[in-house]
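**Student:** Structure for the following, please:
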Amino acid sequence: MAEPRVGELLDRRAVQLTARADDKDHAIWLCGQALLEVGAVAPSYVDSMLERERSISTFVGEGVAIPHGTLAGKDSVHRDALCFLRFLDPVDWGDGAAVSVCIGIAAVGGRHVGILAQLAQILLDPDRAEALRTATDVDTVLGLLQPSTEDVTA
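**Tutor:** Numbers count the residues shown, from 1 in each chain. Just a heads-up that it's a prediction; the model follows:
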């Protein structure tokens, strides 16, 4: 079975462009709630996302974090999905890191690895990463998360 493309995993209902979070845990909880609301996960997955963050940071640089659950939380995933939250005020992620964008992942089995790889290719493009951090409409986000031809063949 072919890897799902990240652009196909993002339900426009899971895009929030004016999110606010008190702290890192609240930001991760909001991501989990967005995945829950589109039916991608069971409620226990949100706890799994918070547990993952306690073991290793999901901050990837350039103002972006990619929260996802632990291996034990995989049983709580109904289907592969993403959420996208842009925070009006950056969230302190610890160690001096400030997060403006969270892209939450829910993936069945080991498919999160391929999804993370696709997201990394997208986020390695500084122009695309900046455009995601400043996006003000859902269609822009959906377009930016479509892998380019170079991303797919790389």
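**Student:** which residues sit in contact with residue 119?
**Tutor:** 6, 66, 103, 105, 145 (Cβ atoms under 8 Å, 6 or more residues apart in numbering). C-beta here means a position set from N, CA and C on the backbone, and glycine is covered the same way.
**Student:** any idea of the pLDDT on it?
**Tutor:** For residue 119, the model assigns a pLDDT of 90.
**Student:** same question, residue 154
**Tutor:** pLDDT, residue 154: 45.
**Student:** Touching the helix or strand where residue 140 lies from outside, list them.
**Tutor:** According to DSSP states H and E, residue 140 maps onto helix 138-144. Helix 138-144 has contacts (Cβ under 8 Å, 6+ apart) with 7, 10, 12, 15, 17, 84, 86, 122, 128, 131, 132, 135.
**Student:** wait, doesn't the fifth one sit right on residue 133?
**Tutor:** Think residue 17. No. Look at residue 17 against residue 133 with Cβ atoms under 8 Å: they stay out of range, at 10.9 Å.
**Student:** can you list residues touching both of these two?
**Tutor:** residue 86.
**Student:** neighbouring contacts of stretch 93-102?
**Tutor:** Taking Cβ under 8 Å, 6+ apart as the rule, stretch 93-102 contacts 24, 27-28, 30-31, 57, 59, 63-67, 83-87, 90-92, 132-133.
**Student:** next one: stretch 16-33
**Tutor:** 34, 41, 45-46, 49-50, 53, 58, 65, 67, 83-89, 91-94, 99, 102, 104, 135-138, 141.
**Student:** which helix is the longest one in this protein?
**Tutor:** helix 24-37 (DSSP state H).
**Student:** Buried residues in that helix, which are they?
**Tutor:** By neighbour count with 16 or more other Cβ atoms under 10 Å, helix 24-37 contains the buried residues 24, 27, 28, 29, 30, 31, 32, 33, 34, 35, 36.
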